[in-house]
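**Q** With the input below, show me the fold.
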Amino acid sequence: MGDLMQAMVLDEFGGPEVLHIAAIERPRAAPGNVVVEVAYAGVNPADWKAREGWLSRYFQYQFPFVVGFDAAGIVAEVGEGVTGLKVGDRVVTASNQGMGERGSYAQFVASVEERCVKLPDHVALVDAAAMPTAAITAWEAVFDVGGTEAGSIVLVNGGAGGTGSYAIQLARMAGARVAATCGPANMDYVRGLGAELAIDYRQGDVADAVRAWAPEGVDLVVDTVGQGSLLEAVEFTRKGGVIAPIATLIADEPTIDPARAEARGVRVVPTISSHANQPRQLAALVAALAEGKIHAPEITLMPLDQAGEAHRKIQAGHVRGKIVLVVNEALGR
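**A** Below is the predicted model:
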């Protein structure tokens, strides 16, 4: 057995209680890969779904398994053929967990070089760790699916969560007008991200509020909530507009009637990031963060050994911004 590391692992699928600290073998850098010493690991809804086994359709789990798509830290090892990164570089990564390898809730994580982006010195590791999954998904929806540009009119359903926090900022960065739905406690938060209209989904009719704000319809709806929460979006999206529901993996989820969307001239494009797009998107996001065009959402820090509690919070919904696990704060923020 090689060198060991501490990680939050699961030996079987289940609730947050299956996550526990264990000493397991640390990854080595395969050709074209790097190993990152993790300072911070971002937490996403996809993590609890991975913990419950929802990703079995995409890869074969190998137990003990480590969840976690997102990390920021220091390059500890580079594999054969790696030319763009070196040991000691500060980086952010979308890990290889989506390919069935162990994820980022650990002292070390492996990543393909292309999905590992060097950080300028002034970009905080903790801010970078909050970014990959949520911000890449937002980029996919706002730009690759939505084609947002100056003058576009965009509604973000669920503006206070991780993906929503980035979607608002990216749309504003492009010069779009943005509205966002959120709970009453998050109205000021989404306005602070750049939404000119914050809509309390618990009060009144969202569709009426959107129509009053954009009488000719919106160009893009980024739906980070799903689960039938905004089926009426097809009625206030203009002809030629796009609805981008972020993939939730939830079975039998209520969805917009395709016939109604076709009759309205609206495209519904289920949105999930791809391994092919991630390198380009993450590099662009790091540049935007470094240039101050976007900033980290509100971050709640939790220690690695409280990953189970972090999962409880994110699975219950209504987390503002992002939860980030502290793995090794000594590596620097």
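**Q** hey, where'd the helices end up in the stretch 51-200 of the chain?
**A** For the stretch 51-200 of the chain, the helices defined by DSSP state H, counting those that start in this stretch cover 125-129, 132-139, 162-173, 187-193.
**Q** which outside residues touch the second one?
**A** Think helix 132-139. The contact list for helix 132-139 (Cβ atoms under 8 Å, 6 or more residues apart in numbering) reads 42, 44, 46, 69-70, 92-94, 161-167, 170, 222, 246, 271-273, 277-278, 281-282, 284-285, 294, 297, 322. Placement of C-beta: from N, CA and C, glycine included.
**Q** Now, of those, which are buried?
**A** 42, 44, 46, 69-70, 92-94, 161-167, 170, 222, 246, 271, 273, 278, 281-282, 284-285, 294, 297, 322 (16 or more other Cβ atoms under 10 Å).
**Q** Could I get the contacting residues of residue 91?
**A** 34, 36, 72, 73, 74, 75, 85, 116, 117, 118, 119.
**Q** doesn't residue 89 make contact with the fifth one?
**A** Spelled out, it's residue 74. Yes: if you go by Cβ atoms under 8 Å, residue 74 and residue 89 touch, sitting 7.1 Å apart.
**Q** how many other residues sit next to the nearest residue to residue 80 once chain neighbours are set aside?
**A** In space, and not counting its chain neighbours, residue 80 is closest to residue 31: 4.3 Å by Cβ to Cβ, 6 or more residues apart in numbering. By the criterion of other Cβ atoms under 10 Å, residue 31 has 9 neighbours.
**Q** And residue 301, its phi and psi?
**A** Backbone torsions for residue 301, taken as degrees, to the nearest 10, come to phi -90, psi 140.
**Q** Let the chain start at 628 from now.
**A** Sure, I'll start counting at 628 from here, so that last one is residue 928.
**Q** is it true that it touches residue 948?
**A** No: at 11.2 Å, residue 928 does not count as touching residue 948 under the criterion of Cβ under 8 Å.
**Q** between the two, who's got more neighbours?
**A** Shown here are residue 928 and residue 948; by other Cβ under 10 Å, residue 948 has more neighbours (21 against 15).
**Q** where does that one land on pLDDT?
**A** The model reports residue 948 with a pLDDT of 97.
**Q** How about the contacts made by it?
**A** Residues near residue 948 by Cβ under 8 Å, 6+ apart: 757, 787, 788, 789, 792, 816, 923, 924, 925, 926, 927.
**Q** These in strands, which ones?
**A** Residues of the contacts of residue 948 located in strands (DSSP state E): 926, 927.
**Q** export the contacts of residue 948 to a markdown table and tack on pLDDT and distance to residue 889?
**A** Converted to a markdown table, the contacts of residue 948 look like this (pLDDT from 0 to 100; distance: Cβ to Cβ, whole Å):
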| residue | pLDDT | distance to residue 889 |
| --- | --- | --- |
| 757 | 98 | 38 |
| 787 | 96 | 32 |
| 788 | 95 | 30 |
| 789 | 96 | 32 |
| 792 | 98 | 32 |
| 816 | 97 | 36 |
| 923 | 97 | 39 |
| 924 | 97 | 35 |
| 925 | 97 | 39 |
| 926 | 98 | 41 |
| 927 | 97 | 42 |
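**Q** Any regions of the stretch 828-960 of the chain where pLDDT drops low?
**A** The stretch 828-960 of the chain contains residues with pLDDT under 70 at 854-856, 875-878.
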